[in-house]
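Undergrad: any chance you can model this:
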Amino acid sequence: MIGPDGGNVGVVSIKQALQIARDAEMDLVEVSPNAAPPVCRVMDFGKFIYERAKKERDAKRAQVKIEIKEIRLRPKTNEAHRGFKVDDARRWLLQGHKVRVTVKFRGREMDYPEIALEDLREVAQSLSDVGVIEQAPMMEGRTMLVVLAPGKPSAKKKDKAENPAQAQAEA
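TA: A predicted model of the protein is given here:
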């Protein structure tokens, strides 16, 4: 048994352990039931539950949530419209979100998947400075998709790493 102060009390009977817990105005909690003999602890169980919930909330708050944003295109989407969508994707990648680019087929467009594949490659190529391809282009039913993840350091950092003398001259 572990006492209210955290020190080891030793092996005691159940009646004696309950009496120690009552005297300390705390609860007797079985910590390790499978041990021989079972290990019990005298503690304030309500306070223990509260502190554990508080730690879980703090851990949940500290988690980084990565959203997957989506851009939907069609094989007939023109260059200008695709440009706006690529700009949105660039902004999302810089914010740290993943981007799923999907091309939806309708009717006989399914006969020409190479058109969509070329569109996806162009989008990925234009975003290659801020993101990397996480999932290669693939078909799922009537849609073809590619997933881009934020990555690759910017070109300015690469230039400074390659040319330290020029980086010092600029500073």
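
Undergrad: in the helix or strand hosting residue 57, what counts as buried?
TA: Assigned by DSSP states H and E, residue 57 belongs to helix 45-62. By neighbour count on 16 or more other Cβ atoms under 10 Å, the buried set for helix 45-62 is empty. All C-beta spots, glycine's among them, are computed from the backbone N, C-alpha and C.

Undergrad: what's the first helix or strand after that helix?
TA: Stepping forward along the backbone from helix 45-62, the first helix or strand reached (DSSP H and E) is strand 68-73.

Undergrad: tell me the buried residues in the helix or strand just after that following strand?
TA: Moving toward the C-terminus from strand 68-73, the next helix or strand (DSSP H and E) is helix 79-95. For helix 79-95, burial by neighbour count (16+ other Cβ under 10 Å) applies to 82, 85, 86, 89, 90, 92, 93.

Undergrad: the next helix-or-strand element following helix 79-95 pairs with which strands?
TA: On the C-terminal side of helix 79-95, the closest following helix or strand by DSSP H and E is strand 98-104. Sheet partners assigned to strand 98-104 using DSSP bridges are listed as strand 68-73 (parallel), strand 143-150 (antiparallel).

Undergrad: now strand 98-104 against helix 79-95, angle please.
TA: In terms of direction (axes from the mean of the first three to the mean of the last three Cα atoms, to 10 degrees), strand 98-104 departs from helix 79-95 by 160 degrees.
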